[in-house]
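K.L.:
Build the 3D model from these lines:
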Amino acid sequence: MASSSQKPQTKIPSPIVSSENLGWESILIEEFKLPPGGCDLNSCQKHIITLCLANKPHRIWQAIGDRSFVGVYAKGDFSITPAEVHSSYRAYGDDHYLEITIPPQFLKQIARETINADPDRLELTTEFRTRNPQIEQLAMMLRSELYQGSNGGGKLYVESLTNALTINLLRDYSITKPQIATYEGGLRDRALLQVTDYINDHLTQSIKLQDLATYLGISQFHFSRLFKQSTGISPHQYVMQQRIELAKRLLKKADMSIADVALDSGFNSQSHLGKYFRKVTGMTPKDYRKK
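P.N.:
Numbers count the residues shown, from 1 in each chain. The predicted model follows:
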């Protein structure tokens, strides 16, 4: 077994799956499965959260900046490497982890929209082998979207998860503990009608959380919370419900193929429509058309 004093290899490992080509903005999700060994990483311009996925606990040596750690990582443990900080690591067993990369500019944008503090003074703390159920759950939901690819919930859903993850990082792992502003009471009636009309007018297009929030002139974080307070469901759930309702109307047209119904109701493919149609109605689009 190599000792932690040995210099790790400089070769950067390749992920087994990556969100790089999925068009996700503000976040990069990659999954790695590696044999025992390690690497010496140059300082990254982005924040990195590494979540252990290994079924069997194993020993890891880490160095982040001027701090180091040796201990056993188990599934659910994660570490945080702040932007512009040099890091190295070595695993003494088969390693399996999820790596989440977030640009500092996006962190500052979320901070500017949600807290009463100077975003330029906010810095994430270095963390070794820590646990946070909320962050783990959000990371695993993003991982699920990563594997579903184009048949997943779409950019609106990914943006919502990314915002929630970033808020949790700011709240629990920034050097200065910020107070997250909250709004109660939901959207005003006029704003709710405006944004739901906007959604229904753009169902066949890619709808982003930022588009909806900007349309009302509020932050993404506050829009998501206020919308759910008003409707009882998230913006993503509402969009999917409206697309299913549109698909139901189109399925009544006997001369229209199910593949065309999927595209004309805002889904990426027939299988994408089928997945959500079954989830909402309990039947396939084909069975619904027969009925």
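K.L.:
Run through the neighbouring helices and strands of the one helix or strand Tyr288 maps to.
P.N.:
With elements delineated by DSSP states H and E, Tyr288 resides in helix 285-290, which encompasses its position. Packing partners of helix 285-290 (3 or more Cβ pairs under 8 Å, 6 or more residues apart in numbering; DSSP states H and E): helix 235-251, helix 258-264, helix 270-281. (Each C-beta comes from the backbone N, C-alpha and C, glycine too.)
K.L.:
Which elements pack onto the last one?
P.N.:
Here helix 270-281 touches helix 235-251, helix 258-264, helix 285-290, going by 3+ Cβ pairs under 8 Å, 6+ apart.
K.L.:
Contacts for it next, please.
P.N.:
The set of residues that contact helix 270-281 without belonging to it, under Cβ atoms under 8 Å, 6 or more residues apart in numbering, is 150-151, 240-241, 243-244, 247-248, 258-259, 261-262, 265, 267, 283-285, 288.
K.L.:
between it and helix 235-251, how many degrees?
P.N.:
Orientation check (axes from the mean of the first three to the mean of the last three Cα atoms, to 10 degrees): helix 270-281 against helix 235-251 gives 100 degrees.
K.L.:
What residues sit buried inside helix 270-281?
P.N.:
Neighbour-count burial for helix 270-281 flags 270, 272-277 (criterion: 16 or more other Cβ atoms under 10 Å).
K.L.:
Including distance to Ile16, could those residues go into a markdown table?
P.N.:
Formatted as a markdown table, the entries for the buried residues of helix 270-281 read as follows, by distance: Cβ to Cβ, whole Å:
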| residue | distance to Ile16 |
| --- | --- |
| Gln270 | 28 |
| His272 | 23 |
| Leu273 | 28 |
| Gly274 | 27 |
| Lys275 | 23 |
| Tyr276 | 27 |
| Phe277 | 30 |
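K.L.:
Now the two most distant members of those residues.
P.N.:
Maximum pairwise distance in the buried residues of helix 270-281, criterion Cβ to Cβ, is 11.5 Å, between Gln270 and Tyr276.
K.L.:
how about a markdown table for the helices and strands packed on helix 285-290, with mean pLDDT and distance to Met140 added?
P.N.:
Conversion of the helices and strands packed on helix 285-290 to a markdown table gives the following (pLDDT from 0 to 100; distance: least, Cβ to Cβ, whole Å):
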| stretch | mean pLDDT | distance to Met140 |
| --- | --- | --- |
| helix 235-251 | 93 | 17 |
| helix 258-264 | 93 | 28 |
| helix 270-281 | 90 | 19 |
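K.L.:
and the closest residue to Leu251 other than its chain neighbours, what does it touch?
P.N.:
When the adjacent residues along the chain are set aside, Leu251 lies closest to Arg289, with 4.7 Å between them (Cβ to Cβ, 6 or more residues apart in numbering). Taking Cβ under 8 Å, 6+ apart as the definition of contact, the neighbours of Arg289 are 251-252, 254, 258.
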